[in-house]
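Participant: missing the sequence, but the structure's below:
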């Protein structure tokens with residue numbers, strides 16, 4: 001992994017963030033445009049990210065897959081960064097969890113139905 005020493009931290013290039021998180025470079029740029037990631041710039045203008053950017057990008061991917069918007073993910077970041085929340089943030093986190101659980105329950109019901117169809121069709125040639 002190519003790293004660059006800047007200040008007190010070690011920074012990695014955009015391609016390494018993308019590879020580490022299993023996304024495209026374009027996706028990493030999008031997250032930056034949405035204000036979810038912050039890049040420093042090398043003297044030659046290359047984007048450089050903290051090493052935890054890989055973990056953050058994976059988190060963003062999970063949250064997008066669960067149906068959260070960029071705006072909602074932005075609201076979650078202070079909770080992620082500090083480990084602390086206020087009552088309003090906790091209510092938002094619980095509401096998102098309940099929404100995702102309901103979606104999961106619906107998907108499980110669909111999976112159960114597909115299993116029934118497969119079981120029926122497995123008995124017929």
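Facilitator: Alright, I've got the coordinates. What you see is a predicted model; the values in this text were computed from it and never measured.

Participant: buried sites along the lengthiest helix in the chain?
Facilitator: Longest helix in the chain by number of residues, with DSSP state H as the criterion: helix 87-122. Buried residues in helix 87-122, defined by neighbour count with 16 or more other CB atoms under 10 Å: 92, 96. The way it works is simple: take the backbone N, C-alpha and C, and place the C-beta from them, glycine included.

Participant: which one in this protein is furthest away from the centre?
Facilitator: For the chain, the largest distance from the centre (CA atoms, centre = their mean) belongs to residue 125, which lies 43.6 Å off.

Participant: about what we covered before: elements contacting the longest helix of the chain?
Facilitator: If you count contacts as 3 or more CB pairs under 8 Å, 6 or more residues apart in numbering; DSSP states H and E, helix 87-122 packs onto helix 70-82.

Participant: I'd like the distance between residue 71 and residue 63.
Facilitator: 11 Å (CB to CB, to the nearest Å).

Participant: an error on my part: the question was meant for residue 73.
Facilitator: From residue 73 to residue 63 the distance is 5 Å (CB to CB).

Participant: ok, the two, which is more surrounded?
Facilitator: Taking neighbours as other CB atoms under 10 Å, residue 73 and residue 63 compare with residue 73 leading, 21 against 18.

Participant: that one contacts residue 36, correct?
Facilitator: Yes - Residue 73 is within contact range of residue 36, at 6.1 Å (criterion: CB atoms under 8 Å).

Participant: what touches both of those two?
Facilitator: Common contacts of residue 73 and residue 36 (CB atoms under 8 Å, 6 or more residues apart in numbering): residue 60.

Participant: show me the contact partners of stretch 33-52.
Facilitator: Contacts of stretch 33-52 (CB under 8 Å, 6+ apart): 3-4, 6, 9-14, 17, 28-29, 31-32, 53, 56-57, 60, 70, 73-74, 77.
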